[in-house]
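> Quick one: sequence and predicted model below, then my questions.
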Amino acid sequence: MLADLVAGALEDAERRRGERPLAEVEAAALARPAALDALTALAPAERVKIIAEVKRASPSRGSLAAIPDPAALAVSYETGGASAISVLTEERRFRGSLADLEAVRDAVSIPVLRKEFVADPYQVFEARAAGADLVLLIVAALDQKRLVELHELITELGMTSLVEAHSADELSRALDTGAGLVGVNARDLTTFELDRDLFGRLAGSIPSGVIRVAESAVKSADDVAHYRAAGADVVLVGEALVTSDPLATLEEFLGV
Ligand SMILES: O=C(O)c1ccccc1NCC(=O)[C@H](O)[C@H](O)COP(=O)(O)O
């Protein structure tokens, strides 16, 4: 499944490259105002922080929410106290787009993450051209050389990588990149199984100075408390927000 998602995302990027060559996207990326400082926005604090996700659908859950106006949803997230917004831009299974990201960027003043199966530098330039401040890199989808190259490009463009792992091995590869923001995804992206305790098993290996993000499987305030007790500085939440009143849910989650 993960290989299919990456292959599909690369095919879609190739199609867009045909319509808008790299030189044009690169120029648009360089013309953007500087990216927001996500490491400061997500820095450890007395209270847990939330990255709130714009997520219409997913391979594991199918349709979640229509989200006709992603910018309005993002404004609710910002008003509700989210520290950053994640926008799924994958088109085939998540029904997202770069246009969603651009609309969100224009509507909020907190950092915005491009959530995508990024494997090609073109996708990084696209992210910056659309106004992203952060880009997701999934360790399981990349060999180490490519992971490091993409992380370096993201950094050169002034953005922040969120480097995502799902095992001790992947975590060690994530830390080897030198990234300051590392996520542990409870969802196995090959089987979709959820393991809410994985973060707790791996968090102790993340050195202080690296921001720890617990991703996926947050359904309730108890789940946020569970991740917080295990050492999460930040939790990334999708489904629970798009299928509820986001303001009320954020208030409940941030009260933890
Ligand atoms: O959500 C999926 O089904 C999925 C399947 C395959 C690859 C990635 C997938 N999701 C991306 C994410 O990591 C989540 O959208 C994100 O962590 C939020 O998760 P949740 O709060 O459980 O919606």
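It's in. On a predicted model such as this, the values are computed, not experimentally measured, just so you know.
> okay, CA-based contacts and neighbour counts for the rest of this
Will do.
> if I read this right, residue 39 contacts residue 180, doesn't it?
Yes. Counting by Cα atoms under 8 Å, residue 180 is a contact partner of residue 39 at 7.3 Å.
> who touches both of those two?
Common contacts of residue 39 and residue 180, defined by Cα atoms under 8 Å, 6 or more residues apart in numbering, comprise residue 211.
> Spit out the contact partners of residue 146.
residue 119.
> you'd agree it is in a strand?
No. Residue 146: not assigned to a strand; according to DSSP: H, G, I helix; E, B strand; the rest coil it is helix.
> what about it, distance to the ligand?
19 Å (Cα to the nearest ligand atom, to the nearest Å).
> Make 48 the starting number, not 1.
Sure thing, new numbering starts at 48, so read that last one as residue 193.
> how about the residues of the stretch 48-197 of the chain near the ligand?
Within reach of the ligand by Cα under 6 Å from any ligand atom, the stretch 48-197 of the chain has these residues: 105-108.
> can you rerun that using 5 Å?
Residues of the stretch 48-197 of the chain lying near the ligand by Cα under 5 Å from any ligand atom: 105-107.
> got a winner among these for most neighbours?
residue 105 (17 neighbours; other Cα atoms under 10 Å).
> roughly how far apart are that residue and residue 189?
Look at residue 105 and residue 189: by Cα to Cα, to the nearest Å, they are 21 Å apart.
> Residue 159 now?
The value you get for residue 159 to residue 189, if Cα to Cα is used, is 22 Å.
> and what of residue 164?
Residue 164 sits 10 Å away from residue 189, going by Cα to Cα.
> More neighbours: which of the two?
residue 164 (24 against 17).
> Surely that one touches residue 53?
Yes. The pair residue 164 / residue 53 is scored as a contact, 5.4 Å apart, by Cα under 8 Å.
> where do the contact lists of the two overlap?
residue 188.
> Tell me the secondary structure of the nearest residue to residue 159 once chain neighbours are set aside, please.
Setting aside the residues directly before and after it, residue 159 is nearest to residue 132 in space (Cα to Cα, 6 or more residues apart in numbering), at 4.8 Å. In three-state terms, and counting by three-state DSSP, residue 132 is strand.
> what sits opposite residue 132 in the beta ladder?
residue 99, residue 159 (DSSP bridges).
> Could you check how many residues crowd around residue 61?
A count of nearby residues for residue 61, using other Cα under 10 Å, gives 16.
> Please name the residues that touch it.
No residues are in contact with residue 61 under the rule Cα under 8 Å, 6+ apart.
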